[in-house]
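[1] Fold the following, please.
(2 chains)
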Amino acid sequence: MLKNKPFFIPLRYFLFIFLPLGWGFTAFTQNLSDTLKLPEFEVKSGYISGNQGFKREKFDSLLLLKHPEANLSDILSKNSLIFIKSYGNGSLASPSFRGTTAQHTQVEWNGINLNSPMLGQIDLSQIPVSQFDEIEILYGATGISRTSGAFGGVINLTTQPDWNKRLKIKLSQTIGSFDTYTTNLSVLAGNQSFQSQTKGEYSTSLNDFLYYNDYLKSNVRQQNASFLQAGLTQELFWKIKDHHLISGKFWYNFSDRNLPPTVTDYDLDHQEKQKEEALRAVLEYKYVDRKYNLMVKTCLVDEWMNYRLDSTIDNTHQYYSWINRVRFSWFGIKNLTIKPGIDFTRDWVRSDAYDGIKTRNTTSLFAEFNWNISHKLSSSLVIRQEVIDDKFLPIIPALGVEYQPVTNVDWKITFNAARNYRYPTLNDLYWSITGNPDLKPENNYSLEFGTLWNHRSKNGKFSVEPSLSGYYTWIYDMITWSPVEGSSLWKPENIDEVRARGIETGLDLHVEQWGILMDWTSRYAFTRSTYEKAGSEYDNKIGKQLIYVPVHNLNSALTLEKWRFFIQYNFSYISARYTGKDNLSMMPGYTLSDILAGKNFNYRDIVLSLQGEIDNLFNLDYQSVTNRPMPGINYRLTLKITFDKPSGK
Amino acid sequence: MSLVTHLSRFLILLSCIFLISCSKDPIREITVDPYDTTTKPAEYGKGVFVINEGNYNWGNASVTFVDYTTGIATQNIFTKENGRNLGDVAQSMKIINGKGYIVVNNSYIIEIVDIQTFKSIQTIKGFPSPRHIGVINSKKAYVSNLKKGISILNLVTNEITGTILIEGWTENLVLCDKFMFVTCIGEYREPSSKRHQWIAVLDTESDQVVDTLPCGKEPIGMVMDKNNKIWVLCSGGYDFYERPSLMRINPSNRAIEEVIPFQASQRVPGKLTINTAGDTLYFLNGGIFRMPIQSETIPANPWIPSNGRLLYGLSVHPVNRTVFVSDALDYVQNGVVYQYDPNGVLIRQFTVGRIPGSFCFTPLTQ
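    Next comes the predicted model:
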């Protein structure tokens, strides 16, 4: 059992070997002359274009800059239509996207799948946003161009080099309520052919907020909820003659947190903690030419997790994933792009919950065709075939069509249809005693219609972008863990059938008037996601909404900016979430408001920013998940110093 | 739709929600059962209290009251009477000295209620995850615990006066003369293979363990029959470790008189109970099994089959001998209770709360 161990274990410590290397390189390249100016070089990542007829959305990168202390759960719950089920500040946060479960949302970082092969999902509270630059959301079947199984969609986190940067140092310190401190440091250095980015974050919180305990009928402090989180990212980008790009990215993340008890737990000795360590490393080569592109990527993921409860449970889980991707894009035929690709992933898991080491090999053959039929009509077809441990799974196709009815008006009508499936997780298959090796993959069919209009005034001072989309998705053979009679065990089975349909609307408005910049973005989702199959004749769940999936979800942010001063008001509304499959109990809906204001002071190459934030402005006493208290009104103050020396200065 | 109407609708919606946002009601789980009468019953007279465990860590344990005369099931009576929830995982309820003692396992408490009004009288805290109450006399009781030892409870002051140290999980308690027989299952977090199980015999005067008896894996049920013999149901382990068995003990000489093995199957039997006459055993094993105490073998077929239900709680009415059995469905919706007459004919069924696990019959029963 330990045979493989010596090879794998030191993996996450390799980072510290590479780090000084990065520093050395940057010091060296600093001395190179940058008089040789290369034209702006944009490397298309093979398939960033395309996806005609599919919905994808990129977040404003300024959003992440405003929240250096946030984690992915905070950002998505305030700015996207993905509902985040949060067990409390710093505790488990899992996504529900388009009425699906957490396992149907895939999170990727630079092409690495972050969802655990064991659980099939990821805790969004463990992803600090300071470690990447951009968030892109791929809705529903759009994700098939990336991976299978993401019925809800894919959240893609990426980093982009800025070839114009010479040296940029950013240091920020956030102080928040409940003894929360976050320090961020990033160093970006390089020239037009070499860039190094180093980002570090260290965050601690006592997290002992006051809440009203209904059982004790008094205000009490949250117990055992403190956390520590640290992250370090090193990225190197090297460009040769505008054709070759080599990059290496390493991300190490550490978290040590106490898990708070529920409000009804009167056991004073409650001790529950979870420690996680993760290293993700990517090595990538891209070749870009007029007629074709090539991308080769190899990644390693090493994750370790330890969970302790009192003195009775002490479980360790460890997994490694080796992910390889090859993508080719060929623009040889007029109006047609062909992008074949192959992925190979090997997962290796050692867990106290499994009997021995478990592995999985996934090979995925993939091709995308983008065809611009006319200047008004274009389409894309994705075909994916996966082979998992020598088992051929059905072919999954996704077809999208995009129509632009009026020339010179940026108005698009899109339609797509797809089939998808999700293979059982390693826990589903191999969990000790109840793991079910006979599970079939989950099946999914989906249809989507969308329209988007973007209008921008000629001077760029006014723009408006309304959007509307509707989808219908049907999942059957859905894997659900259900209780085993007479035993305290739970067993996964292909029992549920779910129909999810919904409407998503958005409205983005940008106005510049009297020197004031106004941005207003709003999103609203209507989600009906229902159980369609009963477990027994007494089952009362047919036609009922999935638990913890709100029917209405709205968020809106208004930002005003003048004299380097900005003020932002965030508003979100989450309707009731049912807590029983029979829909006879629920958590009522709630609205939350946050306010954020900041000012920048510039002095030569230095920018000093001061920013204050009030969360839960109206001090709402709420729980997102039953029995898990959330903090009332709380405050944050961030001081940021940026030294920025772009090239050409 | 023109842009202006689109915009203005958005604004209207936004301002509506903004107004809602100013309401200050705390956001807590509520029930929205249209069949649940919001009015409380006139009295908790002739009927049965159904103890709904609720989901682990969800804090949604509840009590349903079924009135025999009206046939109405009233949900959540503890919350309705006391303005707060009962807690997390309600394990069992017993009526002692005219008061209701509700053991709330994962809240580590016993809640004492007035059984006429169901108002809380007192909350006893400090149990290491309590399971069941074994009454010794009107002044003293033992409480079994999931985590450690037996708690000694003074029934007059309702205080924990001490602990009898027994490692691991203690479950059922049966009194015979001055000795309390206790099933000990072992460390509850361990798999069956690592658990050490036995039956402890406690002297209720000295509060000492005076004897231990061996038994099969996971002794999860224990009752006493009309001949003063103790029956122990050993489930074989929640993870199907070994073949389950029924064991008969003579408490006077502490001899194991008989061990009846089950047929090998991938099932975990449980909820051993006995009728008032003390001549028929009942338990769940994929259906309701009924077995006379003279029987030498486990019946091959259930008395009442489960028919796809997830049978979870079982009790025999002390007077009219009807059988109450609950279906917990998939644990994530309200359960159903079925009442059968002594011939196995369904009398009625009613919806109760989440994961109905046990029953407590009112003294005014029948």
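[2] now the helices for the stretch 1-150 of chain B?
    Assigned by DSSP state H, counting those that start in this stretch, the stretch 1-150 of chain B shows helices spanning B:3-21, B:77-82.
[3] Pick out the shakiest of those, pLDDT-wise.
    Among the helices of the stretch 1-150 of chain B, helix B:3-21 carries the lowest mean pLDDT, a mean of 59.
[4] ok, A:Y445 - contacts?
    Listed by Cβ atoms under 8 Å, 6 or more residues apart in numbering or on different chains, the contact partners of A:Y445 are A:417-420, A:473-474. Heads up, the C-betas are built off the backbone N, CA and C, glycines and all.
[5] Look at A:Y292 and say how many residues are nearby.
    By other Cβ atoms under 10 Å in any protein chain shown, 16 other residues sit near A:Y292.
[6] Now do it against B:D25, distance only.
    If you measure A:Y292 against B:D25 using Cβ to Cβ, to the nearest Å, the figure is 61 Å.
[7] before we move on, which element is residue 283 in?
    Defaulting to chain A. For A:L283, the host element (DSSP states H and E) is strand A:272-288.
[8] wrong chain, I was asking about chain B
    Here B:F283, judged by DSSP H and E, is contained in strand B:280-284.
[9] any idea of the mean pLDDT for the strand holding A:L283?
    Strand A:272-288 shows a mean pLDDT of 94.
[10] neighbouring strands for it, and are they parallel or not?
    Using DSSP bridges, the strands paired with strand A:272-288 are strand A:244-258 (antiparallel), strand A:292-309 (antiparallel).
[11] how about the residues of the stretch 151-300 of chain B near chain A?
    When proximity is defined by Cβ under 8 Å from any Cβ of the partner chain, the stretch 151-300 of chain B lies next to chain A at B:187-189, B:191, B:235, B:238-240, B:267-270, B:284-286.
[12] can you do 7 Å?
    By the criterion of Cβ under 7 Å from any Cβ of the partner chain, the positions of the stretch 151-300 of chain B lying close to chain A are B:189, B:238-239, B:267-270, B:284-286.
[13] Can you lay out those as a markdown table showing pLDDT and neighbour count?
    What follows is those, written out as a markdown table (pLDDT from 0 to 100; neighbours: other Cβ atoms under 10 Å in any protein chain shown):
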| residue | pLDDT | neighbour count |
| --- | --- | --- |
| B:R189 | 81 | 18 |
| B:Y238 | 85 | 22 |
| B:D239 | 82 | 18 |
| B:R267 | 85 | 20 |
| B:V268 | 89 | 24 |
| B:P269 | 92 | 25 |
| B:G270 | 92 | 22 |
| B:L284 | 94 | 26 |
| B:N285 | 92 | 24 |
| B:G286 | 87 | 17 |
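[14] From those, which land in strands?
    Using DSSP state E, B:270, B:284 are the members of these that sit in strands.
[15] is A:G506 in a bridge, and if so with what?
    A:S467, A:R523.
[16] Next up, the contacts around it.
    Remark: with contacts taken as Cβ atoms under 7 Å, 6 or more residues apart in numbering or on different chains, A:G506 is in contact with A:467, A:522-523.
[17] From those residues, pick the one nearest chain B.
    Ranked by distance to chain B (Cβ to the nearest Cβ), the contacts of A:G506 are led by A:S522 at 6.2 Å.
[18] Could you give the bridge partners of the closest residue to the closest one other than its chain neighbours?
    Using Cβ to Cβ, 6 or more residues apart in numbering or on different chains and skipping residues adjacent in sequence, the residue nearest A:S522 is A:S556, 4.1 Å away. Each beta-bridge partner of A:S556 is listed here: A:S522, A:F571, as defined by DSSP bridges.
[19] Which residue ranges of the stretch 1-150 of chain B form strands?
    With DSSP state E, counting those that start in this stretch as the criterion, the stretch 1-150 of chain B has strands at B:30-31, B:47-52, B:62-67, B:73-74, B:90-96, B:99-104, B:109-114, B:120-125, B:130-137, B:140-145, B:148-154.
[20] For the fifth one, which helices and strands make contact with it?
    Counting contacts by 3 or more Cβ pairs under 7 Å, 6 or more residues apart in numbering or on different chains; DSSP states H and E, strand B:90-96 packs against strand B:47-52, strand B:99-104, strand B:130-137, strand B:356-361.
[21] I'd like those strands written out as a markdown table, with distance to B:G344 and mean pLDDT added.
    Output for the helices and strands packed on strand B:90-96, formatted as a markdown table (distance: least, Cβ to Cβ, whole Å; pLDDT from 0 to 100):
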| stretch | distance to B:G344 | mean pLDDT |
| --- | --- | --- |
| strand B:47-52 | 19 | 94 |
| strand B:99-104 | 30 | 96 |
| strand B:130-137 | 28 | 95 |
| strand B:356-361 | 18 | 95 |
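[22] Are stretch A:471-483 and chain B in contact anywhere?
    Yes - applying Cβ under 7 Å from any Cβ, one finds that stretch A:471-483 is in contact with chain B at A:482-483.
[23] what does that stretch rub up against?
    Residues from elsewhere that reach stretch A:471-483 (Cβ under 7 Å, 6+ apart): A:98, A:140, A:151, A:424, A:428, A:439-440, A:442-448, A:490-502, B:310, B:330-331.
[24] now it, how far from the chain's geometric center?
    In terms of Cα atoms, centre = their mean, to the nearest Å, the gap separating the centre of stretch A:471-483 from the centre of its chain is 22 Å.
[25] Average pLDDT for that stretch, rounded please.
    Mean per-residue pLDDT for stretch A:471-483: 93.
[26] next one: stretch A:491-507
    The predicted confidence, averaged over stretch A:491-507, sits at 94.
[27] same question, stretch A:455-467
    Averaged over stretch A:455-467, pLDDT sits at 91.
[28] Go through that stretch and flag the buried ones.
    Within stretch A:455-467, the residues scored as buried using 16 or more other Cβ atoms under 10 Å in any protein chain shown are A:464-467.
[29] Quick one: the strands in the stretch 301-450 of chain A, in order.
    If DSSP E, counting those that start in this stretch is used as the criterion, the strands of the stretch 301-450 of chain A fall at A:313-333, A:336-351, A:358-372, A:377-388, A:391-392, A:396-403, A:410-422, A:442-456.
[30] Now render those strands as CSV, adding distance to A:S536.
    Formatted as CSV, the entries for the strands of the stretch 301-450 of chain A read as follows, by distance: least, Cβ to Cβ, whole Å:
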stretch, distance to A:S536
strand A:313-333, 32
strand A:336-351, 32
strand A:358-372, 32
strand A:377-388, 32
strand A:391-392, 31
strand A:396-403, 32
strand A:410-422, 25
strand A:442-456, 21
